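Undergrad: can't give you the sequence, but here's the structure:
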Ligand SMILES: [Zn+2]
């Protein structure tokens, strides 16, 4: 186990970059090919993003959890306290979650990359220069 002190890019750096939708390796906004797709590799530092592509299918699970927390639960409270009608809440729920998932999709893709490297920061190319010389 490598301590965070020996890392060029720390877990905090990875979190900060990832939350803003930036590449955990170089910090540039060059991870996305389109709104719904990651590039095979980062457009700036060329770090490979495809190697754990199966891992990124978890994007939809993040979306489900986030939709429940930020859309469905608040709507349940609004209905319970009779602030909105059931019909309004259902319509808001359908369109709200749809727009929410659509709007957050690129960020969720970046968050999956971030989650992977927060767990395994020593796998970042920027962190391999000192510990694994080629
Ligand atoms: Zn990069």
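TA: Noted; the coordinates are in hand. All values derive from a computational prediction rather than experimental measurement.

Undergrad: OK, contacts around the nearest residue to residue 50 once chain neighbours are set aside?
TA: For residue 50, ignoring the flanking residues on the chain, the nearest one in space by CB to CB, 6 or more residues apart in numbering is residue 40 at 4.5 Å. For the C-beta atoms, the positions are set from N, CA and C on the backbone; glycine is no exception. By CB atoms under 8 Å, 6 or more residues apart in numbering, the residues touching residue 40 are 48, 49, 50.

Undergrad: what's the spacing between residue 40 and the ion?
TA: Using CB to the ion, to the nearest Å, residue 40 is found at 12 Å from the ion.

Undergrad: Check residue 20 too.
TA: The spacing between residue 20 and the ion, counted by CB to the ion, is 13 Å.

Undergrad: Next up, the contacts around that residue.
TA: Contacts of residue 20 (CB under 8 Å, 6+ apart): residue 29.

Undergrad: Report back the residue of this protein that's furthest from centre.
TA: The outermost residue of the chain relative to its centre, with distances by CA atoms, centre = their mean, is residue 82 at 34.5 Å.

Undergrad: ok, for residue 114, nearest residue in space, not its chain neighbours?
TA: Nearest residue to residue 114, sequence neighbours excluded (CB to CB, 6+ apart): residue 18, at 2.4 Å.

Undergrad: How far off centre is the strand or helix carrying the one you found?
TA: If you go by DSSP states H and E, residue 18 is part of helix 11-19. Mean-position distance between helix 11-19 and its chain equals 11 Å (CA atoms, centre = their mean, to the nearest Å).
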